[in-house]
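Engineer: Dropping a prediction and its sequence here:
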Amino acid sequence: MARRSWIRAVATAAAGAVALMAGVFGTGPARADAADGARGMTVRFVERELFIGTEPANVFVAYRWKVAGEGAAHHVHLAVDLSGVADFAEPAPSEHCDGNLCTLDLASATSDYHAITLVPKPGAAIGSSGTLTVSGTASDATVTGDHVTLTNGKTQLKVSESAERLDQVPGDLLTFPLDVWNTGRLPAAKGVELRIDTTAGLHLQGSWANCRDVSASGRGGHIVHETLCDFPTPVEPGRRYALSSPLRVEVGDEALHDEIHYVVTPLADAAPANGPGTPLTLVPDGAVPSDGNHEPSFVTYVDSVNHADFAVTGDTATGRRGGHVTLHVTVVDRGPALVEDLLDDDVALEVLVKLPPGTKATKIPRNCYPPGTDGSYHGPRLGWTTYACAFTDPAPGDRHVLAFTVAIGPRTPAVSTGQIHTEEFFEGFDPDTSNDSAALTLRLTQDGSAGGGTAAGSGGGWIVWAASALLLAGGVAVALFRRSRSRN
């Protein structure tokens, strides 16, 4: 009787669990179909505002769609309504549109994009504006559309060119005259903003009431100085304007590989009041040049004849066979040149460290690796006797201290000397070679005490030494075995 009651209780609990699972997860296709029917699909224009320009005289209207969750939406019908811009724009002849409606049908869709081309109607009023909309339907999803404003005409600013590359020396003063013009069909009605970016070795000279220095953090690359100048002068189509005085830039002591980059954009708001100095202005200077720059920005690269002094300092430690000691390597960048490669962020100073003979590394800095490898190396890093250590983006004034803990072997000489030296960036860059290398010296104590090092007992030290050697040999053997299998 008790057994029957127990079975009945278990059955009741099991039935309750099944009911609970069904309530939480659903029991069949009906709920899955309901979830499919509730799937959402969004369609969005890529740009938030569009203009019909003069270079070229058309506009690409791109829109993207994306289905929420996993799986696709089916029997999708998308439509772009052009009726809001029909007074001044129409589809290009190659587009598959019917009147003011351009459609796209998809058997299934997950995420992708499509674009249509619009051109201005002959004689349409410059400055005319209207709204485009995109909408859609699907058999198993709810489609949410979007809208965008289109204007007939565009402000298209250009800035004059300077030399593409200059060869200088620290202390030089560079001059950059600057012209701005508008090849578009709409004026920059509120004026323009000039942004001037420079790397660390170039210093913009002067202070103007309508210019301000702003933080360059977050800009990426090597830009460290950013200056914004606001000009409330309207820049009319077909007109050229000159800067009231040229930009002057000093080549600094740290200069090596540098650049100055300037770009003009339409001013969105009224120019703010700024600091001391007279305003820098734009002065009308004739018509648009026929063979000028076709971009709103320009970059001049400045290479300077300069050098830097990289200095290393060694260390001396005492210990006994079977023990451990820590040796310190000091690396200093004395400048003055700042080492940068404007086309490659991966610039590093490399220092080669050869530990004293008879020792093996048991603890090394994170930025050090066996020579001939790099940060992608995944083999054993301990137990080697030579290491290459890299310092990324070395800068004048940088000082680095590297600590190497080594095990002293049973046959280590009474005085064992290793070496550190810098690897040359390129010939002649570091003219002072007297401090490019230094010694790492280990002296064994006469009485067998630990001396200046941290030593283990002689027996225990020998075991540690042997274990380290065996671990290294095992790691190398495994690596060779894997390499052999890979070849086979």
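Structural biologist: Received it, and whenever you're ready, just let me know what you need. Numbers count the residues shown, from 1 in each chain.
Engineer: who does the lengthiest strand in the chain touch, helix- and strand-wise?
Structural biologist: For the chain, the longest strand by residue count, based on DSSP state E, is strand 324-336. Packing partners of strand 324-336 (3 or more CB pairs under 8 Å, 6 or more residues apart in numbering; DSSP states H and E): strand 308-313, strand 315-319, strand 348-354, strand 386-392, strand 399-408, strand 415-422, strand 437-444. For every residue, glycine as well, the C-beta is placed using N, CA and C.
Engineer: From one end of stretch 90-103 to the other, what's the distance?
Structural biologist: 14 Å (CA to CA, to the nearest Å).
Engineer: swap in stretch 381-399?
Structural biologist: 24 Å.
Engineer: Report the rounded mean pLDDT for that stretch.
Structural biologist: In this model, stretch 381-399 has a mean pLDDT of 90.
Engineer: and if you look at stretch 298-313?
Structural biologist: For stretch 298-313, mean pLDDT rounds to 95.
Engineer: Can you give me the buried ones in that stretch?
Structural biologist: Residues 298-304, 306, 308-312 are the ones in stretch 298-313 that count as buried (16 or more other CB atoms under 10 Å).
Engineer: May I see these organised as a markdown table, with distance to Pro237 added?
Structural biologist: Below are the buried residues of stretch 298-313 laid out as a markdown table (distance: CB to CB, whole Å):
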| residue | distance to Pro237 |
| --- | --- |
| Phe298 | 21 |
| Val299 | 26 |
| Thr300 | 27 |
| Tyr301 | 32 |
| Val302 | 34 |
| Asp303 | 38 |
| Ser304 | 40 |
| Asn306 | 45 |
| Ala308 | 49 |
| Asp309 | 55 |
| Phe310 | 55 |
| Ala311 | 59 |
| Val312 | 61 |
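Engineer: Tell me the one of those residues nearest Glu161?
Structural biologist: Phe298 (5.5 Å; CB to CB).
Engineer: pretty sure the closest one belongs to a strand, no?
Structural biologist: Yes: under DSSP: H, G, I helix; E, B strand; the rest coil, Phe298 falls within a strand.
Engineer: so who does His257 touch?
Structural biologist: Remark: with contacts taken as CB atoms under 8 Å, 6 or more residues apart in numbering, His257 is in contact with 199, 201, 301-304, 340-342.
Engineer: how does it look with 6 Å?
Structural biologist: 340, 342 (CB atoms under 6 Å, 6 or more residues apart in numbering).
Engineer: Is it bridged to anything, and to what?
Structural biologist: Beta-bridge partners for His257, by DSSP bridges, are Asp303.
Engineer: okay, it: pLDDT?
Structural biologist: Note for His257: predicted pLDDT of 92.
Engineer: if I look at it, how far off is Arg195?
Structural biologist: 21 Å (CB to CB, to the nearest Å).
Engineer: so which helix or strand takes in Cys102?
Structural biologist: strand 101-109 (DSSP states H and E).
Engineer: picking that back up, so how far is the longest strand of the chain off the chain centroid?
Structural biologist: 30 Å (CA atoms, centre = their mean, to the nearest Å).
Engineer: List the buried residues of it.
Structural biologist: For strand 324-336, by 16+ other CB under 10 Å, it's 324-327, 329, 331-333, 335-336.
Engineer: would CSV of those with pLDDT and distance to Asp436 be doable?
Structural biologist: Below are the buried residues of strand 324-336 laid out as CSV (pLDDT from 0 to 100; distance: CB to CB, whole Å):
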residue, pLDDT, distance to Asp436
His324, 96, 29
Val325, 97, 25
Thr326, 97, 23
Leu327, 97, 18
Val329, 96, 13
Val331, 96, 11
Val332, 96, 11
Asp333, 94, 12
Gly335, 93, 15
Pro336, 96, 17
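Engineer: Not counting sequence-adjacent ones, nearest residue to Ala364?
Structural biologist: One thing to correct before we go on: residue 364 is Ile, not Ala. Once flanking residues are discounted, Ile364 sits nearest to Phe404: 5.8 Å by CB to CB, 6 or more residues apart in numbering.
Engineer: hey, what's the one you found bridged with?
Structural biologist: Going by DSSP bridges, Phe404 forms beta bridges with Leu327.
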